[in-house]
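Participant: Build the 3D model from these lines:
(one chain, ligands or ions: 2)
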Amino acid sequence: MPKKIRVLVNEDKCYLCGGCAGVCPTLAIEVSSSWRFIEEKCISCMICIKACPVGALSYEEVSQ
Ligand code: SF4
Ligand code: SF4
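Facilitator: Ligands and ions are numbered 1, 2, ... in the order given. Here you go, the predicted structure:
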């Protein structure tokens, strides 16, 4: 079973560019005046983590 992750943001680094939300295939991230992760929608693909230009995203594994 592939691991399930929870994406975490470093708010000191994130400048709310919306890049991560733009690449997420399932719209599991919303960026407006704050950064928001919607865990139920996330398919743990990690695309957002690689896409952030300032390395503001990380993850932790969660039990299914
Ligand atoms: S890991 Fe994939 S599905 Fe989950 S928030 Fe990031 S881009 Fe979206
Ligand atoms: S791509 Fe990085 S800097 Fe841009 S909104 Fe997402 S977490 Fe923040």
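Participant: From Ser34, how far off is the most centrally placed residue in the chain?
Facilitator: For the chain, the residue nearest the mean C-alpha position is Val7 (4.5 Å; Cα atoms, centre = their mean). Distance, Val7 to Ser34, using Cβ to Cβ, to the nearest Å: 14 Å. Just so you know, the C-beta spots here come from the backbone N, C-alpha and C atoms, and that holds for glycine as well.
Participant: ditto for Ile43
Facilitator: 22 Å.
Participant: Looking at these two, which is more packed in?
Facilitator: For Ile43 versus Ser34, the count of surrounding residues by other Cβ atoms under 10 Å is larger for Ile43: 13 against 10.
Participant: Quick one: the strands in this protein, in order.
Facilitator: 4-9, 29-31, 35-37, 57-62 (DSSP state E).
Participant: could I get those strands as JSON lines with distance to ligand 2 and mean pLDDT?
Facilitator: What follows is the strands of the chain, written out as JSON lines (distance: least, Cβ to the nearest ligand atom, whole Å; pLDDT from 0 to 100):
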{"stretch": "strand 4-9", "distance to ligand 2": "5", "mean pLDDT": "98"}
{"stretch": "strand 29-31", "distance to ligand 2": "5", "mean pLDDT": "98"}
{"stretch": "strand 35-37", "distance to ligand 2": "6", "mean pLDDT": "98"}
{"stretch": "strand 57-62", "distance to ligand 2": "5", "mean pLDDT": "97"}
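Participant: Dump those strands into TSV; add distance to Gly18 as well.
Facilitator: Compiled in TSV, these are given as follows (distance: least, Cβ to Cβ, whole Å):
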stretch	distance to Gly18
strand 4-9	12
strand 29-31	4
strand 35-37	9
strand 57-62	13
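Participant: and the ones you listed as CSV, adding distance to ligand 1?
Facilitator: Shown next, in CSV, are the strands of the chain (distance: least, Cβ to the nearest ligand atom, whole Å):
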stretch, distance to ligand 1
strand 4-9, 5
strand 29-31, 5
strand 35-37, 6
strand 57-62, 7
